[in-house]
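Asker: Next input, structure requested:
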Amino acid sequence: MWTIHLAGGPRKVNHASIEWKNKIISFGGYCSNEQPHRDIDVYCLDTDTYRWSALNTKHQIEGRSLPCQRFGHTVIRYNNKAVLWGGRNEAEACSTLYTFDLENITWNEPTTHGYTPSGRDGHTATLIDDTMYIFGGFDSDEDEYSTDIWTLHIPSMTWRTLVTGGAPPAGRDFHSATAYGHCVYFFGGRIENRGLQPGFGDDDYDNTIYVFDSKKFLWYKPLVDNCSVSPIGRRSHSAFLYKDQIFILGGFNSILDRHFNDLWAFCLKTNRWHEMNCCGEPISMRRRHTTCIVQNRAITFGGTSPIGGEIWNRLVDLDDLIVLDFAPSLLTLCLLRVKNFPLEVLDSLPKTIRYQLHCITVPNRISRDAPWTG
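Answerer: Sure thing, here's the model as predicted:
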């Protein structure tokens with residue numbers, strides 16, 4: 001059930017977000033009217049009150065610089081630390097690894113071992129046990145979409161590239177990757193359909209599920225139920241795991257020139273797709289947003305959205321958050337029912353209930369005016 005829509009949060013596109021202790025921590029991303037050459041910003045959403053705050057971060061070592069502002073990067077959570085890698089700004093892609101102490105709000109640039117992957121953006125990062133898996137993205141050194149799997153063993157901070165079996169997917173960027181057990185499930189992304197000259201092809205898409213088995217170092221495609229209808233290939237969507245299903249939300253297909261706001265579920269027990277039809281007001285069509293699972297809620301925020309429906313020529317950077325609640329409580333249902341009651345009725349409610357209504361109805365106040373892009 002779609003429950004809460006709140007504007008006024010950080011206006012972010014191609015950011016990265018993680019969940020930690022019932023909070024969502026968002027790193028970087030861009031907004032069309034911001035200065036790109038500055039330190040990365042970090043925002044925190046309290047998912048009990050739906051209030052955003054900017055974190056005043058510093059480097060663990062005095063005098064060291066913070067990571068630069070970037071987009072198309074990845075962040076995973078490992079215990080009480082966030083691990084940030086990759087992404088780019090207007091100048092270049094980055095290959096430096098950073099960690100962020102979520103307790104002390106401090107950055108660190110740990111020493112790593114082994115060969116480091118070249119800088120890229122639009123890749124994915126997933127965590128299985130103590131290892132982070134990097135796949136895809138646009139490799140700035142090779143000037144192409146990567147097909148390699150890189151791993152970082154976090155306790156030893158050791159990089160390695162894997163020699164894999166099976167048939168890997170074509171190189172791509174802005175796909176999704178979801179860890180489930182010892183496997184990673186990949187969907188979507190932008191694939192280059194090369195023309196006569198390398199680097200001058202058109203975008204291509206597919207809607208195939210690819211799986212990487214981290215124990216066997218093996219790629220394979222699961223046998224998907226042919227009777228199920230599957231989502232259109234896309235990029236810049238979000239993906240999240242809830243129970244035994246991978247959910248795909250939104251995205252963009254440049255061949256169709258179409259943004260999406262649909263929600264699809266891939267059941268990992270039956271290998272079957274189905275489109276979700278949830279009650280409540282769904283999200284607007286968008287791409288380059290993030291979604292995090294907090295308990296039974298999928299919380300989506302940011303991204304960029306077309307203006308003008310199917311025929312659009314402008315995009316607007318978004319500052320809203322939307323909640324999809326898989327198991328809304330009786331209290332949540334009651335709050336949604338009474339939030340539009342006349343003011344004299346609301347004033348008669350207990351103070352705690354009025355505060356909870358305030359949290360789910362009053363916008364945040366930290367976003368800038370909406371910038372338009374072409």
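Asker: use CA for all of it now, contacts and neighbours both
Answerer: Noted.
Asker: which strands and helices sit next to the helix or strand hosting residue 355?
Answerer: With elements taken from DSSP states H and E, the one containing residue 355 is helix 351-361. Applying 3 or more C-alpha pairs under 8 Å, 6 or more residues apart in numbering; DSSP states H and E, one finds that helix 351-361 makes contact with strand 2-6.
Asker: 10 Å instead?
Answerer: strand 2-6, helix 330-338, helix 343-346 (3 or more C-alpha pairs under 10 Å, 6 or more residues apart in numbering; DSSP states H and E).
Asker: Please name whichever of these is nearest to residue 359.
Answerer: strand 2-6 (9.2 Å; C-alpha to C-alpha).
Asker: and that closest one, average pLDDT?
Answerer: Model confidence over strand 2-6, given as mean pLDDT, is 96.
Asker: That strand: how far from the chain's middle?
Answerer: In terms of C-alpha atoms, centre = their mean, to the nearest Å, the gap separating the centre of strand 2-6 from the centre of its chain is 18 Å.
Asker: which stretches of the stretch 151-300 of the chain have low pLDDT?
Answerer: For the stretch 151-300 of the chain, residues meeting the criterion pLDDT under 70 lie at 194-201.
Asker: next one: stretch 255-266 to chain centre, how far?
Answerer: Here stretch 255-266 shows a centroid-to-chain-centroid distance of 15 Å under the convention C-alpha atoms, centre = their mean.
Asker: actually stretch 40-55, not the one I typed
Answerer: Taking the mean of its C-alpha atoms, stretch 40-55 sits 16 Å from the chain's own mean (C-alpha atoms, centre = their mean).
Asker: Show me what counts as buried in that stretch.
Answerer: Across stretch 40-55, burial judged by 16 or more other C-alpha atoms under 10 Å covers 40, 41, 42, 43, 44, 45, 47, 50, 51, 52, 53.
Asker: Alpha carbons of the strand or helix carrying residue 82, as CSV, please.
Answerer: Take DSSP H and E as the rule and residue 82 turns out to sit in strand 81-85. What follows is strand 81-85 as a C-alpha-only set of coordinates in CSV (Å, rounded to 0.1, in the frame of the first residue of the first chain):
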residue,chain,number,x,y,z
LYS,A,81,30.4,1.6,8.3
ALA,A,82,29.4,2.6,4.8
VAL,A,83,31.8,1.7,2.0
LEU,A,84,31.7,4.2,-0.9
TRP,A,85,33.3,3.5,-4.3
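Asker: Dihedrals phi and psi, residue 280?
Answerer: Residue 280 adopts backbone torsions of phi 90, psi 180, taken as degrees, to the nearest 10.
Asker: From residue 327, how far out is it?
Answerer: Here residue 280 is placed at a distance of 14 Å from residue 327 (C-alpha to C-alpha, to the nearest Å).
Asker: Which neighbours do the two have in common?
Answerer: Common contact partners of residue 280 and residue 327 (C-alpha atoms under 10 Å, 6 or more residues apart in numbering): residue 1.
Asker: Just give the number of residues close to residue 185.
Answerer: Neighbour count for residue 185, taken as other C-alpha atoms under 10 Å: 20.
Asker: okay but residue 262 is in contact with residue 283, surely?
Answerer: Yes. Taking C-alpha atoms under 10 Å as the definition, residue 262 is a contact partner of residue 283 at 8.5 Å.
Asker: Name the residues contacting each of the two.
Answerer: The contact lists of residue 262 and residue 283 share 249, 250, where a contact means C-alpha under 10 Å, 6+ apart.
Asker: Which one of these two is surrounded by more residues?
Answerer: When neighbours are counted by other C-alpha under 10 Å, residue 262 and residue 283 differ, and residue 283 comes out ahead with 21 against 18.
Asker: Name all residues that make contact with the more buried one.
Answerer: Residues touching residue 283, when contacts are defined by C-alpha under 10 Å, 6+ apart, comprise 2, 5, 249-250, 260-263, 300-301, 320-324.
Asker: again, but for residue 38
Answerer: For residue 38, the contacting residues are 66, 67, 68, 69, 70, 89, by C-alpha under 10 Å, 6+ apart.
Asker: Present those residues as JSON lines; the columns should include distance to residue 126.
Answerer: Written out in JSON lines, the entries for the contacts of residue 38 read as follows (distance: C-alpha to C-alpha, whole Å):
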{"residue": "66", "distance to residue 126": "23"}
{"residue": "67", "distance to residue 126": "21"}
{"residue": "68", "distance to residue 126": "22"}
{"residue": "69", "distance to residue 126": "22"}
{"residue": "70", "distance to residue 126": "19"}
{"residue": "89", "distance to residue 126": "22"}
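Asker: Out of the residues you listed, which is nearest to residue 295?
Answerer: Each of these was checked against residue 295 using C-alpha to C-alpha; the closest is residue 70, at 28.8 Å.
Asker: and that closest one, how many neighbours does it have?
Answerer: Neighbourhood size, residue 70 [other C-alpha under 10 Å]: 29.
Asker: Residue 329 versus that one, what's the distance?
Answerer: Between residue 70 and residue 329 the distance, using C-alpha to C-alpha, works out to 38 Å.
Asker: so what's the most centrally placed residue in the chain bridging to?
Answerer: When C-alpha atoms, centre = their mean is applied to the chain, the residue found nearest the centroid is residue 290 (3.2 Å). Beta-bridge pairing of residue 290 under DSSP bridges involves residue 301.
Asker: rewinding a little: can you tell me what sits against the helix or strand following the strand holding residue 82?
Answerer: Next along the chain after strand 81-85, taking DSSP H and E as the criterion, comes strand 97-101. Around strand 97-101, the neighbours that count as contacts under C-alpha under 10 Å, 6+ apart are 57-60, 66-67, 75-86, 106-112, 116, 157.
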